[in-house]
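# got a sequence here, can you model it:
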Amino acid sequence: MAKKTHGLGRGLDSLFAGTDDWGSSTTVQEIPVGELDPNPDQPRRTFSEESIGQLADSIREQGILQPLLVAPSDGGRYMIIAGERRFRAGRMAGLETLPCIVKDIDVIRQREVALIENLQREDLNPIEAARGVKALMDQCGYTQEKIGERLGKSRPVVANMLRLLQLPDEVTEMVKDGRLSAGHARVLAGISDPAEQIRLARKAVDEGLNVRQMEQLARAAAGRPQKKKAGPKPLPAELDELQEKIRLKTGLKSTLTGSIQKGRIVLQYSTREELERLNDVLDLIQ
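Take a look at the predicted model:
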């Protein structure tokens with residue numbers, strides 16, 4: 001089947017800001033669904049059938065609004081680097097071809113883009129994200145600092161992500177299926193006794209404990225009363241997560257101060273490109 005091409009605007013560039021400089025000449029090709037293969041290094045391992053079905057319904061009405069990113073593969077086929085969720089939904093919707101951007105990029109770059117795209121757009125569960133980061137480190141020889149640079153995260157944030165991989169299997173499953181949040185998982189990762197991690201995880205799930213309550217239980221379990229420290233108070237876990245999410249979504253350094261009730265969010269940009277990127281991100285908000 002012939003592959004049609006047409007021009008591409010800046011929308012996709014803004015979504016993948018920081019991963020490559022593709023320029024305005026990038027084109028979209030309509031590629032048959034049967035020629036597309038999922039990426040075996042895809043960090044996302046679970047896809048919600050309900051979510052895919054909802055996206056398929058939207059695609060039937062409006063089409064695919066963002067092209068997939070693919071790389072040439074053996075036998076004239078294409079490997080999906082970013083957009084497997086759209087691929088699955090488009091196939092479910094009965095589409096014969098899907099809009100794709102074809103880029104001949106190396107394996108390391110493929111893994112980077114797949115991880116970054118998922119972290120920024122698909123909200124990987126914390127365990128999948130941590131495994132994706134670990135894979136980049138193991139397979140590409142990246143340090144935590146290098147991973148932080150590529151993902152727009154600080155080294156301590158990367159270190160905390162990796163600590164989740166040390167949780168017991170039972171706790172890991174609770175995080176993967178959404179019964180425990182990333183905040184809960186980080187608290188549990190700070191406990192050295194696996195049996196205590198499991199006990200507190202079960203208690204949090206059974207009683208619907210929030211992250212703050214989990215922190216209190218963890219301090220009590222460790223026999224460490226909360227100490228008041230001089231200087232600025234550390235952010236509550238919820239605000240710490242929000243601060244990191246803002247930085248991830250905008251690609252800009254963010255500083256959040258205050259409390260749940262009242263505070264201030266400051267975004268910092270140092271180049272015109274960063275300011276334009278923020279403008280593109282805001283344009284995507286419906």
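
# for the chain, what spans make up the helices?
Using DSSP state H, the helices of the chain run over 11-15, 49-62, 84-92, 107-117, 126-140, 144-151, 155-163, 169-176, 182-189, 194-207, 211-222, 237-250, 272-284.

# winner for burial among those?
Most buried of those, by mean neighbour count (mean count of other Cβ atoms under 10 Å): helix 182-189, with a mean of 23. Every residue, glycine included, has its C-beta placed from N, CA and C.

# and that one, what other elements does it pack with?
helix 126-140, helix 155-163, helix 169-176, helix 194-207, helix 211-222, helix 237-250 (3 or more Cβ pairs under 8 Å, 6 or more residues apart in numbering; DSSP states H and E).

# in TSV, list those helices along with mean pLDDT and distance to residue 109.
Output for the helices and strands packed on helix 182-189, formatted as TSV (pLDDT from 0 to 100; distance: least, Cβ to Cβ, whole Å):
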stretch	mean pLDDT	distance to residue 109
helix 126-140	79	9
helix 155-163	87	19
helix 169-176	91	27
helix 194-207	92	36
helix 211-222	85	35
helix 237-250	78	20
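
# can I get these in CSV with distance to residue 278?
Shown next, in CSV, are those (distance: least, Cβ to Cβ, whole Å):
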stretch, distance to residue 278
helix 126-140, 23
helix 155-163, 21
helix 169-176, 31
helix 194-207, 36
helix 211-222, 28
helix 237-250, 6
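
# relative to residue 84, which of the ones you listed is closest?
Each of the helices and strands packed on helix 182-189 has some distance to residue 84 by Cβ to Cβ; the shortest is helix 126-140, at 12.7 Å.

# so residue 78 makes contact with residue 36?
Yes. The pair residue 78 and residue 36 passes the contact test of Cβ atoms under 8 Å, sitting 5.4 Å apart.

# shaky segments in the chain?
1-26, 41-46, 107-108, 111, 114-124, 223-233, 285-286 (pLDDT under 70).

# mind redoing it with 50?
Applying pLDDT under 50 to the chain flags residues 1-25, 226, 229.
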